[in-house]
Structure formats: structure tokens, C-alpha cells
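Q: sequence plus predicted model, see below.
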Amino acid sequence: MSDQPPQPFFETDTSNAEIRGRWRIPEDANPMDVPLDKIDPGNGNWFEQNKELEVFRRLRAEAPVHFTEDSQFGPYWSVCLFDDVKYVDTHQQLFSSDIMNGGIRLGGRPMAEPPDAMFHLPMFIMQDQPVHDDQRKVVAPMFTPTRLAVLGELIRERASTILDNLPVGEEFNWVREVSVELTGQMLATLFDVPQEDRHLLIHWSDTVERIGDPDYFETPADGFNEIWKCFEYFNNVWQERLKNPGEDLISFLTQGESTRNMPPNEFLGNVLLLIVGGNDTTRNSISAGVQALNMFPDQYDKLRSNPELIPNMVPEIIRWQSPVAHMCRTAMEDTEIGGQKISKWDKVAIWYLSGNRDESKFQDADSLIIDRPRVREHLSFGYGIHRCLGNRLAEMQLRILWEEILERFEHVEVVGEASYLNSSFIRGITELPVKVHRG
């Protein structure tokens, strides 16, 4: 086995329409009809068509460690059972997250040398130890119990204002009016930037997931050009915080020994990590909670009769939605998972979504059960050194929001079909038509 990694896998100059068309899954496709060795669970079409759960139900039954040889991401393994996902996630020396070894997303490939910095955005979640640990510690003080308590008061105030301004009895998009609005306001607070700029933060977070979408960008390179506007914005913030540091994420980065001298692409990468991490998990779980409670009305009745179940319901919603569908790792030596031989440099996708629906771990896993026992053992925040840094903040936003919803409304009613993001990384809901009804 060679000690040198293979060549990187890039298609930044190929049109997004060409890439999407080449790997398009027809809308009438049935995951059960695709030959097992041809299934590509990472294709975003499955997610946009809301068929991804069928894909993973089949893989858990027939090939829980599955190899996809041909895809727009190149070859990769899918790990689908709870215990196997957790094993990979907690063995970081054996399975690397480092961007030079392929990073945490499908499509990344090991590199002997960094590519053009335009497309190479290191961030601490895509670093191995000790760099990962050193940079993570820099921003960890934002999420101490003392700071979370202060943020909790602010979340309640903002959630109340958002809910009080909703049009009672009229149809609107819950995603845009509630989920995006609350998370956007909190992101602006974490970075201490003007609230009127929160929509820029959401835009850059959305851009990260839409780099390959032909409806937004002609080529991935066009998407990266848009993302670099985020650098221009936060570089100005950085310069100001060097002079007047505060208690915000950028100030922490300017002061941290391991972060104060980052090159531009690494600074941008870490800023984007903090934006996406602070937006997507919470935002899509807020939307999913409304969707799930409408799908399981007995649980909605249970919640209304016993609001004290909210703290247990929140992690159950996060398990049920699994807003980060997968992370990737790269095998650093020949090994074995679930009886399958994994070679050094192989790309391994660990599917949190699938592990969270593993019936051997969660009974009746496809159902939302708001008083489910031991639900905090879910995979959605990851395990090991890369466990989500802001998990308590995400849970707090959901908890407070649902407390305030129950104070005001008898029912948040889903009145139309949801629309979903074409992404196998962020499991996103883009539209959720609802009406709110007062008691």
C-alpha cells in the first residue's frame, strides 16, 4: 500500500447543470429497484425527493457497510448502522477528518499538496489533533453555562417577538418566518455584527450547500466566488476586533494563539464552519419539529397535555431529523468495518441519519416519540473529538421556542407539502407551509 495519497478529485470548472444532469435520479425512481451495487446514497436527488430514508432502510437490511464505486463524488463507503457509525466517529487516529486527507464531505479526496487556496478552506472540524483541539478551544468559551444563560434570555425575547408577529390563521412558510429568522438573529449575536446583516450570514450558509446547484451557480467556482464575499465582510470585522476585542466569536479568533495568524482561506473556512454550525442544525430541527408533530398527532396531543416533555422532545426531534446527514472520514490504514475490508485512503461516509433510524438502537425509529427513553444517545451531534460544540445552544433554542409556541398557539398546522434541499450533507427543509391557530 502506497504511503502517498491519490490525486485530488475536483470539478470546479464543470457546469453544475452538466454535473447534476450526469448523475440525475428520475423523480419516479424507486430505491428498491436500483441494483444494490449501483445505489449512490450520497446523491442529493434522493434527499430532494424525500426518498433518502427508503435508501438507508434498504442498506441497513442488505448492505450496512456499502461500497459505491461510481458517483459524482468518486468511490466511497457508506456506514449505516448505529454502532458502526459511532465506532468510526470515535477512532480519529484510524479515520481522519483532515482536509488534506479528504475532509468531512463526500467529494473531498486526499491531496499530496494543497490546491488553489480559492477552493481550499481549512477549518478546525477538518483538522486532526492537535490542530483541531487547539483551534476548537479558542471558540469554546462562547458556549459556557454562564454565557448560555445570558443567551437564553435573549432567545426567549426574540422567539416571543417572532411568534407574536405571525399572521394567525393565514398560510406562511414556517422555515423563512420562524426557523431562519430566529437562527439568523442568534448568529448575528454570536458574531456581534449588526442585526440587519443577519440575512447575509444566512445567505452564505445557504451558499455553502448550493455551490453545486445549477439554479444558483453556473459552476462551483462561481459559488466559491460568492463565498469569498464572506471573507471580505469578516476581514473588516477582524480588523475592527483587533483594535476593540469583545466577547464574540471573531474576537476570540483574533486573540487565540492557534488562530490569530490564520491565512485568509483558513480564516474563511473557520468562519463558515461557525456560521453553518450555528444555522443548519437548529434551523432544520425547528422546521422538522413542526413537521413531525403534524405527522404524529398523538404526540402533539401528548405535548399539549404535558409541556414538561419539551426537554426530552427536543433531542428526539434532532434524532428524527438528523440535520447533518453524514460526515466523512478517510481510512489511514487497512482496516475492517462490519466484515468489509476498508483500504488505506478509502473515503468512508458515516450516515448519522441512518444510524439514528437503526431499529436495533431505537425501537420504532421512524416514529417521533417525545418521551422516548435514552434519546440523548442519538448521533446527530457526532461523537468523539468532533462532537458539536454548540449542541447545548441548539437544544436551548428549540426548547425555548416550543415553550413559547405552547404559550400562544393551540396548533401549528402544516397545510401543504414540504420542499427539501438537494443535499446529502445538510438534511434541509426549504419550505413548510403552515397556519398557526390560537387556543
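A: Yep, it's here.
Q: do you know the pLDDT at the spatially closest residue to residue 418 that is not a sequence neighbour?
A: Once flanking residues are discounted, residue 418 sits nearest to residue 432: 5.0 Å by Cβ to Cβ, 6 or more residues apart in numbering. In this view, the C-beta of every residue, glycine as well, is placed from N, C-alpha and C. As summarised for this prediction, residue 432 has a pLDDT of 98.
Q: list the contacts of residue 432.
A: Shown in contact with residue 432 (Cβ atoms under 8 Å, 6 or more residues apart in numbering): 173, 174, 175, 287, 290, 291, 414, 418, 419.
Q: in the stretch 151-300 of the chain, which spans are strands?
A: Ranges of strands in the stretch 151-300 of the chain, per DSSP state E, counting those that start in this stretch, are 172-173.
Q: mind listing the helices in the stretch 251-400 of the chain by residue range?
A: Counting by DSSP state H, counting those that start in this stretch, the segments of the stretch 251-400 of the chain that form helices are 264-295, 297-305, 310-321, 352-355, 391-408.
Q: ok, of those helices, where does mean pLDDT dip lowest?
A: helix 264-295 has the lowest average pLDDT among the helices of the stretch 251-400 of the chain, namely a mean of 93.
Q: are any of the contacts of residue 432 buried, and if so which?
A: Neighbour-count burial (16 or more other Cβ atoms under 10 Å) applied to the contacts of residue 432 gives 173, 174, 175, 287, 290, 291, 414, 418.
Q: pull up the gap between the first one and residue 296, please.
A: Spelled out, it's residue 173. Per Cβ to Cβ, to the nearest Å, residue 173 is found 22 Å from residue 296.
Q: again, but for residue 116
A: In terms of Cβ to Cβ, residue 116 sits 48 Å off from residue 296.
Q: deepest-packed of the helices of the stretch 251-400 of the chain, please.
A: helix 352-355 (a mean of 28; mean count of other Cβ atoms under 10 Å).
Q: what does that helix rub up against?
A: Outside helix 352-355, the residues that touch it by Cβ under 8 Å, 6+ apart are 52-53, 56, 59-60, 78, 80-82, 84-86, 322, 324-327, 361, 379-380, 382, 427.
Q: same thing with stretch 67-75?
A: Residues from elsewhere that reach stretch 67-75 (Cβ under 8 Å, 6+ apart): 9, 11, 19, 22-23, 37-43, 76-78, 106-107, 109, 340, 346-347.
Q: which of those fall in helices?
A: Among the contacts of stretch 67-75, the residues falling in helices (DSSP state H) are 19, 22.
Q: just the buried subset of the contacts of stretch 67-75, please.
A: For these, buried by 16+ other Cβ under 10 Å: 9, 11, 19, 23, 39-43, 76-78, 106-107, 109, 340, 346-347.
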